[in-house]
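Trainee: coords please:
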Amino acid sequence: MAATDVNSEFVEMSHGRTRYFEAGSGPAVILVHGAGFLSGGHSWLPVIPKLADRLHVYAIDCLGFGTGDGLDQGYSFAYLVDHIREFQDVMGLDSSHVIGHSMGGWLGVLLAYESPNRVERFVNVAGGGAATRNLTSMVDWQPPTEEAIRTAIARLAGTNIDVDEIAEQLVAKSKDELATGRFRRLMDHMTNPETRQRYNTLRRFPHITSPTLVVWGSNDQTNALELGQTTNDLIPGSKMTVFEGAGHGVPQERPDEFCETVLDFLA
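Mentor: Residues are numbered from 1 along each chain as shown. I've put the predicted structure just below:
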């Protein structure tokens, strides 16, 4: 597979099918996206080709996100974290680097805390989990409009992946009552105050042993920079890079700089 090519694939897992995007060769890295109906492995398309110059990249749809199969039962952070471990298993990976953005950073912390042998190096990009407050966009969640879906996904164009097809799939999902009901249950779980307290990352940070890079935007309006500084202070030996003027979506806002920073760290 050429490093500049990105392939969209599905793999069978215990819950059903999971979609992932794959590119490159070399040390394995799993990219874990943030929360939101429009999020998925496709969220990483702006950075996958450059990361794939030196890495074997897997950008997965987290359980309940993207276009794969969902659950008819309740969701939990335990399921979301184990979904990453199971993906490693089915891909034949004893361990890998992990890059997690927002919710993905939260899941990455939980994975590194529970299974340090599975995470070689960890990049926490504006990771959630340190604050117990809910995000208003996740409370009483409602499906986005078709226009919002198409506009957001169009911004990801630039690889050989057909982003219009991704938009079509998400539009169809937004009109599927079973799919939106499942996603609403997932958001309800993630915004439950007891859930956010139980899976809070603050007490877990000091036990992270994987070498960690903390990446944050100075103008992050979702997870304030202070949370990033706390994350860096509490994870032993971690390093921190702040992108001045960037918001919450550093990989999408500053893809070239982001890749250079991450590749230097993972090397």
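Trainee: now do the buried residues in stretch 9-28.
Mentor: Neighbour-count burial for stretch 9-28, counted by 16 or more other C-beta atoms under 10 Å, picks out 11, 13, 15, 18, 19, 20, 21, 22, 23, 24, 28. Yep, even glycine has a C-beta here, placed from its N, CA and C like the rest.
Trainee: any idea how far the nearest residue to residue 91 once chain neighbours are set aside is from residue 217?
Mentor: Leaving aside its chain neighbours, residue 91 sits nearest to residue 58 (6.6 Å; criterion: C-beta to C-beta, 6 or more residues apart in numbering). Using C-beta to C-beta, to the nearest Å, one obtains 25 Å as the distance from residue 58 to residue 217.
Trainee: what's the most distant pair in the buried residues of stretch 9-28?
Mentor: 15 and 24 (26.8 Å; C-beta to C-beta).
Trainee: same for the helix or strand that contains residue 109, what does it pack against?
Mentor: Using DSSP states H and E, residue 109 maps to helix 103-114. With contacts taken as 3 or more C-beta pairs under 8 Å, 6 or more residues apart in numbering; DSSP states H and E, helix 103-114 sits against strand 28-32, helix 77-90, strand 96-101, strand 119-125.
Trainee: let's have the ones you listed in a markdown table, adding distance to residue 222 and mean pLDDT.
Mentor: Shown next, in a markdown table, are these (distance: least, C-beta to C-beta, whole Å; pLDDT from 0 to 100):
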| stretch | distance to residue 222 | mean pLDDT |
| --- | --- | --- |
| strand 28-32 | 16 | 98 |
| helix 77-90 | 19 | 97 |
| strand 96-101 | 11 | 98 |
| strand 119-125 | 12 | 98 |
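Trainee: can you list these in JSON lines and add distance to residue 263?
Mentor: Formatted as JSON lines, these follow (distance: least, C-beta to C-beta, whole Å):
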{"stretch": "strand 28-32", "distance to residue 263": "10"}
{"stretch": "helix 77-90", "distance to residue 263": "21"}
{"stretch": "strand 96-101", "distance to residue 263": "11"}
{"stretch": "strand 119-125", "distance to residue 263": "10"}
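Trainee: with that, I have no additional questions.
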